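S.K.: Model the structure of this input:
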Amino acid sequence: MASDLALRLVPDELWELTASLIPQFTPRRQGGGTRPVEDRAVFTAIVYVLTSGYAWRHLPAEFGVSPATAHRRFTAWTRAGLWPRLHRAVLDELGAKGQIDWAAAIVDAAAVRAKKGGSLTGPNPVDRAKRGSKLHVLSDAAGLPLVVGVSAANTADIEAFKPLFMALPLIRSRRGPRRRRPDKARADKGYDSAELRAWLRRRGVTPRIARRGIESSERLGRHRWKIERTIAWIFGYRRLTVRYERSANLFAAFLTLAATLTCWKKLAT
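M.R.: Numbering: from 1, shown residues only. Got it, this is the predicted structure:
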């Protein structure tokens with residue numbers, strides 16, 4: 001029987017959605033006839049590590065999962081593409097209920113320190129050139145994270161703009177066909193580019209990108225607080241406040257899972 005903590009981390013409804021997406025695999029034979037660890041216990045342990053920020057080795061015994069097993073399956077599920085599929089499934093549920101606001105997409109980024117280095121890290125220009133990574137987020141008009149990504153900390157924000165937009169999935173709608181195109185795109189002065197505005201217009205998206213030396217911070221703040229709140233939600237998952245994974249894929253997996261859980265909370269309300 002799942003503990004109260006496990007049920008808070010992974011409610012039955014979330015597990016039902018996740019279970020349908022977990023890839024099948026042949027478990028390794030356990031010494032002494034030990035039964036393989038159930039997927040739900042492993043998934044709950046992964047959510048606990050993401051939420052608490054604890055190292056794998058500090059995983060509480062109450063989850064019934066060894067740190068090695070949890071990390072090994074997390075890596076296997078990452079390679080199998082589970083996390084983007086789960087994010088997409090939650091977004092589809094939101095879209096079918098009309099809970100995604102396509103009036104605009106908002107883009108922003110935030111940097112974190114990378115304690116152990118690794119792929120997609122670089123000198124952070126705002127942190128005394130210490131190695132770090134940058135988290136990129138594209139949300140809907142209400143701040144729900146639709147796409148996330150990782151780059152080196154010295155990557156210019158604008159370089160991630162097009163990849164984020166191109167990665168928008170086709171999401172279910174309450175009525176009519178699936179949708180991936182917002183009406184507008186909002187971003188701060190770090191994304192100021194005539195070429196980028198033209199690129200958006202060619203795709204039928206109205207650019208609302210602040211212009212250096214023209215737009216006031218007060219006007220920008222009317223919409224910027226929504227994406228800042230989104231990033232605060234994501235950093236509420238403590239494993240993301242500092243990067244410990246050497247593998248960019250594993251760090252991106254945690255980021256995608258955080259975005260998924262953020263969206264799930266909206267769905268569950």
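
S.K.: Which SSE is immediately downstream of the helix or strand bottoming out on mean pLDDT in the chain?
M.R.: Across the helices and strands of the chain, the lowest-confidence element by mean pLDDT, DSSP states H and E is helix 217-235, at a mean of 83. Using DSSP states H and E, the helix or strand that follows helix 217-235 towards the C-terminus is strand 242-243.

S.K.: by contact count, what packs against that next one?
M.R.: With contacts defined as 3 or more C-beta pairs under 8 Å, 6 or more residues apart in numbering; DSSP states H and E, the packing partners of strand 242-243 are strand 105-114. For glycine as for every other residue, the C-beta is placed from the backbone atoms N, C-alpha and C.

S.K.: which secondary structure element contains residue 266?
M.R.: Using DSSP H and E, residue 266 falls in helix 248-268.

S.K.: Okay, now the unreliable bits of this protein?
M.R.: 1-2, 25-35, 215-221 (pLDDT under 70).

S.K.: tell me the contacts of the residue positioned nearest the centre of it?
M.R.: The centroid of the chain falls nearest to residue 256 when counting by C-alpha atoms, centre = their mean (2.9 Å). Contact analysis of residue 256 by C-beta atoms under 8 Å, 6 or more residues apart in numbering lists 83, 84, 87, 148.

S.K.: Which one of those residues is nearest to residue 93?
M.R.: For those, the closest approach to residue 93 (C-beta to C-beta) belongs to residue 87, at 11.0 Å.

S.K.: what's around the closest one, how many residues?
M.R.: 24 (other C-beta atoms under 10 Å).

S.K.: That one and residue 261 touch, don't they?
M.R.: No: look at residue 87 against residue 261 with C-beta atoms under 8 Å: they stay out of range, at 9.5 Å.

S.K.: Hmm, residue 91 and residue 100 touching each other?
M.R.: Yes: using C-beta under 8 Å, residue 100 is in contact with residue 91, at 7.0 Å.

S.K.: what's the overlap in contacts for these two?
M.R.: The contact lists of residue 100 and residue 91 share 146, 171, where a contact means C-beta under 8 Å, 6+ apart.

S.K.: these two touch, right, residue 268 and residue 11?
M.R.: Yes: using C-beta under 8 Å, residue 268 is in contact with residue 11, at 7.1 Å.

S.K.: so who does residue 145 touch?
M.R.: By C-beta under 8 Å, 6+ apart, the neighbours of residue 145 are 137, 138, 139, 230, 233, 234, 259, 262, 263.

S.K.: Buried ones among the residues you listed?
M.R.: Buried members of the contacts of residue 145, counted by 16 or more other C-beta atoms under 10 Å: 137, 138, 139, 230, 233, 234, 259, 262, 263.

S.K.: Understood, closing this out.
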